[in-house]
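Asker: sequence first, then the predicted structure, then my questions.
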Amino acid sequence: MNRVERPQLELNEAHIQYLDGDFRILRPGSFVRCAVTRQSIALDELRYWSVDLQEAYASPQEKLTRMGAKLRK
């Protein structure tokens, strides 16, 4: 393999530990699922998550939707 080539990422769901401002990959994969829409989110596009709930969101709207549901309970 050439040093410029990247190995192919498996098309598996990653298992992530969500931290404040960062995340740790516990099981390698190429994506996680949005907790609200179940949409696949590529790891390099993951920007929104909840540390308390340990779940990912596709956009700020999904996070707000989820937080609103948690506040009503």
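Answerer: It's in.
Asker: chain center to the one helix or strand residue 65 maps to: distance?
Answerer: Using DSSP states H and E, residue 65 falls within helix 60-72. For helix 60-72, the separation from the chain centroid amounts to 16 Å (computed by Cα atoms, centre = their mean, to the nearest Å).
Asker: repeat for stretch 42-56
Answerer: 4 Å.
Asker: for the closest residue to residue 66 other than its chain neighbours, give me phi and psi.
Answerer: Among residues not flanking residue 66 along the chain, residue 36 sits closest, at 5.4 Å (Cβ to Cβ, 6 or more residues apart in numbering). Yep, even glycine has a C-beta here, placed from its N, CA and C like the rest. Note on residue 36: backbone dihedrals following degrees, to the nearest 10 are phi -100, psi -50.
Asker: from residue 48, how far out is residue 36?
Answerer: 10 Å (Cβ to Cβ, to the nearest Å).
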